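Participant: below are the sequence and a predicted model for it; my questions follow.
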Amino acid sequence: MISFSYYIEKFLNYIAIEKNYSACTVNNYKADLDEFSGFLDSRGGKDIKNIDYFLLRKFLSTLSERKLGKRTLSRKISTLKSFFKFALREGMVKNNPASVLIYPRLDKPLPKFLTENEVKNVLALPKEKDILGFRDKAILEFLYSTGARVSEMVSLAIDDVDLISGIVKVRGKGKKERLLPLGEPAINTIKAYLDMRRDTNKALFLNKHNQRLSDRGVRDIIYRYIKKAAVNLKVSPHTFRHSFATHLLNRGADLRSVQELLGHSSISTTQVYTHLTIDSLKSVYQKAHPRAK
């Protein structure tokens, strides 16, 4: 019997090389499949051809007993579906036992966002007294100006940013590239930060040791300024992305344009932000409709 880890390795090579998935995504798939492999080992091991729907259900039941969240369970089901779809196509199995697995019903909480005044207050906090202050100002302005993901921002090189044209090239999910416009405040703060640097590192944003800034580093920076601003909201770097999209829609941007800027493959993902603008729409309705009052 061929070890299940052999099939895992083939699948991971496929999504990394042919599908061009990011290292982070590949690692997530690996963790889920290694967990399933451990489950198989605990039951004496199974030939991949003998894995059926009922065995998959038993695996998911053990996960449910651990009180895992619905989103975590949903991700693991997605991993199994993708893996067995690949296994079927490659002739490793004669049927796909994961095809009829049902995803748990997910709650869809609306993304949290800052008001325009709250964003303005946060952006004014970094003190441009030293290079780290200039860097922090540039980071906050960049995130709000572009709506980029933090993972996209920290992977940028200086050459990805055209400060003359006001354009930045980011690499999103699936390593898909897109061009994003930069607002004038972001252009000016990035230029000021780069003018102060004396290192030879090609990364756009660096930590205090002149190494590429990490996702966690950006998160710590944002938490620090949010705390100073006394914003009564649990904020993450993604909150700037949510605020970016919400403010654009509030000011009349069309949904398709916002979809392109955010790099969403489906407009249904972008539509969640239309729910956030309902107060603005109500205000317009109250002022404009002759029978609103």
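Facilitator: Here it is on my side, so go on.

Participant: from here on, contacts and neighbour counts on C-alpha atoms
Facilitator: Fine.

Participant: in this protein, which spans are helices?
Facilitator: Ranges of helices within the chain are 4-13, 23-42, 53-65, 70-89, 116-123, 131-146, 150-154, 184-196, 215-229, 237-250, 255-262, 267-270, 272-276, 278-288, based on DSSP state H.

Participant: which strands and helices lie in contact with the third one?
Facilitator: By that I understand helix 53-65. Using 3 or more CA pairs under 8 Å, 6 or more residues apart in numbering; DSSP states H and E as the contact test, the elements touching helix 53-65 are helix 70-89.

Participant: ok and the helix it packs on relative to helix 23-42, angle-wise?
Facilitator: Between helix 70-89 and helix 23-42, the angle formed by their directions is 80 degrees, by axes from the mean of the first three to the mean of the last three CA atoms, to 10 degrees.

Participant: what packs against helix 70-89?
Facilitator: With contacts defined as 3+ CA pairs under 8 Å, 6+ apart, helix 70-89 has these neighbours: helix 4-13, helix 23-42, helix 53-65.

Participant: out of the ones you listed, which is closest to residue 244?
Facilitator: Checking those against residue 244 by CA to CA gives helix 23-42 as the closest, at 24.9 Å.

Participant: distance between that closest one and the chain's centre?
Facilitator: Its chain's C-alpha centre and that of helix 23-42 lie 21 Å apart, by CA atoms, centre = their mean, to the nearest Å.

Participant: show me what that helix packs onto, helices and strands only.
Facilitator: Looks like helix 23-42 contacts helix 4-13, helix 70-89 (3+ CA pairs under 8 Å, 6+ apart).

Participant: can you put these in CSV and add mean pLDDT and distance to residue 268?
Facilitator: CSV is the format used below for these (pLDDT from 0 to 100; distance: least, CA to CA, whole Å):
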stretch, mean pLDDT, distance to residue 268
helix 4-13, 93, 29
helix 70-89, 93, 18
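
Participant: any idea which of those is most buried?
Facilitator: Among these, the stretch with the highest mean neighbour count (mean count of other CA atoms under 10 Å) is helix 70-89, at a mean of 18.

Participant: only alpha carbons, please: show that one as CSV.
Facilitator: Extracted in CSV, the C-alpha atoms of helix 70-89 (Å, rounded to 0.1, in the frame of the first residue of the first chain):
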residue,chain,number,x,y,z
LYS,A,70,-17.4,26.7,11.4
ARG,A,71,-15.0,28.5,9.2
THR,A,72,-12.2,26.2,10.2
LEU,A,73,-14.4,23.1,9.4
SER,A,74,-15.4,24.7,6.1
ARG,A,75,-11.7,25.2,5.1
LYS,A,76,-10.9,21.6,5.9
ILE,A,77,-13.8,20.4,3.8
SER,A,78,-12.6,22.6,1.0
THR,A,79,-9.2,21.0,1.3
LEU,A,80,-10.6,17.5,1.1
LYS,A,81,-12.7,18.4,-1.9
SER,A,82,-9.8,19.9,-3.8
PHE,A,83,-7.5,17.0,-2.9
PHE,A,84,-9.9,14.2,-4.0
LYS,A,85,-10.9,16.1,-7.1
PHE,A,86,-7.2,16.1,-8.0
ALA,A,87,-6.9,12.4,-7.0
LEU,A,88,-9.8,11.5,-9.3
ARG,A,89,-8.4,13.4,-12.2
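
Participant: that older thread, in CSV: the helices and strands packed on helix 23-42, plus distance to residue 253.
Facilitator: Formatted as CSV, the helices and strands packed on helix 23-42 follow (distance: least, CA to CA, whole Å):
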stretch, distance to residue 253
helix 4-13, 40
helix 70-89, 31
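
Participant: if we can go back for a sec, residue 190: which of the helices and strands packed on helix 70-89 is closest?
Facilitator: helix 23-42 (27.5 Å).

Participant: the closest one to helix 53-65, inter-axis angle?
Facilitator: Interaxial angle of helix 23-42 relative to helix 53-65 (the same axes, to 10 degrees): 110 degrees.

Participant: buried ones in helix 23-42, by neighbour count?
Facilitator: Of all the residues in helix 23-42, those buried under the rule 16 or more other CA atoms under 10 Å are 25-26, 29-30, 32-33, 36-37, 39-40.

Participant: let's have the residues you listed in a markdown table, adding pLDDT.
Facilitator: Formatted as a markdown table, the buried residues of helix 23-42 follow (pLDDT from 0 to 100):
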| residue | pLDDT |
| --- | --- |
| 25 | 88 |
| 26 | 91 |
| 29 | 94 |
| 30 | 95 |
| 32 | 95 |
| 33 | 95 |
| 36 | 94 |
| 37 | 93 |
| 39 | 93 |
| 40 | 92 |
